[in-house]
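J.: What follows is a predicted protein model with its sequence.
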Amino acid sequence: MYNWSEKLPKELWQHIFHHFEGIESLAAMAAIHERFYKWINRDFKLMCYRDGIYRFKGETWAKAFRRIAVRLTS
């Protein structure tokens with residue numbers, strides 16, 4: 001099966017990630033696809049532990065990090 005993330009080379013994706021503003025945008029991309037998670041190369045688990053962020057069963061650390069604002073306001 002053809003993967004849509006392969007339409008652009010890794011180097012171009014890295015260039016795109018470099019232009020993102022804020023860690024929330026990177027976390028959103030990391031949550032979209034496992035390949036992006038690896039390419040972004042951020043330790044979201046460590047960041048969550050450091051900030052006291054938990055995750056739900058079946059949730060990635062990137063998704064938990066990204067959703068912290070929603071959890072604090074609900």
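T.: It's in.
J.: Tell me the backbone dihedrals of the nearest residue to Gln14 once chain neighbours are set aside, please.
T.: Nearest non-adjacent residue to Gln14, counting by C-beta to C-beta, 6 or more residues apart in numbering: Trp39, 6.6 Å away. C-beta coordinates here come from the backbone N, C-alpha and C atoms, glycine included. Dihedral angles phi and psi of Trp39 (degrees, to the nearest 10) take the values phi -70, psi -40.
J.: Pull the contacting residues for Gly52.
T.: Residues in contact with Gly52, defined by C-beta atoms under 8 Å, 6 or more residues apart in numbering, are absent; none qualify.
J.: what about the residue nearest to Gln14, distance to His18?
T.: 11 Å (C-beta to C-beta, to the nearest Å).
J.: before we move on, the earlier item: the residue nearest to Gln14 is in contact with Leu12, isn't it?
T.: No. Using C-beta atoms under 8 Å, Trp39 is not in contact with Leu12, being 10.9 Å away.
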